[in-house]
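>>> Just need the structure, nothing else, for what follows:
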Amino acid sequence: MPAGYGNWSKPTTKETKTDTTISRGFKNSKGRSLKTYQNKINQIKRKYRKLFNYSKKHKGNFHNRYPTVENYLKTITLKKPNINK
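As a prediction, the model looks like this:
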């Protein structure tokens, strides 16, 4: 086997890490920005209007169950916006 493969490879020496070094995969948790949160709500409202109008036109029960957008939004849970952004 050539060097560098399998069990015959030399043991690698790890560099000493100090407190100031950040690991390669480290990332701060981002959360959801207020703009993204508002865009998501607007997207749900557009979907609601389509379902509401379709239900009225085709005699469905959606418009009776959710007469307002607020009633429909209560059934959906979203990630809260990050207030630090």
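>>> rest of the way, CA atoms for contacts and neighbours
Noted.
>>> avg pLDDT for the lengthiest helix in the chain?
Ranked by residue count under DSSP state H, the longest helix found in the chain is helix 34-57. For helix 34-57, mean pLDDT is 92.
>>> again, but for stretch 74-82
82.
>>> how about it as CSV, C-alpha atoms only?
Output in CSV follows, covering the C-alpha atoms of stretch 74-82 (Å, rounded to 0.1, in the frame of the first residue of the first chain):
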residue,chain,number,x,y,z
LYS,A,74,-53.8,30.8,14.3
THR,A,75,-53.7,27.3,12.9
ILE,A,76,-50.1,27.7,11.6
THR,A,77,-47.0,27.9,13.8
LEU,A,78,-44.0,29.8,12.4
LYS,A,79,-40.5,30.3,13.6
LYS,A,80,-40.4,33.6,15.5
PRO,A,81,-38.3,36.4,14.1
ASN,A,82,-34.9,37.0,15.7
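>>> returning to that earlier point: mind giving me the packing neighbours of the longest helix of the chain?
helix 62-65, helix 69-74 (3 or more C-alpha pairs under 8 Å, 6 or more residues apart in numbering; DSSP states H and E).
>>> buried set for that helix?
37, 45, 48, 52 (16 or more other C-alpha atoms under 10 Å).
>>> List the contacts of the first one.
Residues counted as contacts of residue 37 (C-alpha atoms under 8 Å, 6 or more residues apart in numbering) are 79, 80, 81.
>>> Which strand or helix spans the first one?
Right, the one you point to is residue 79. Per DSSP states H and E: residue 79 is located in neither a helix nor a strand.
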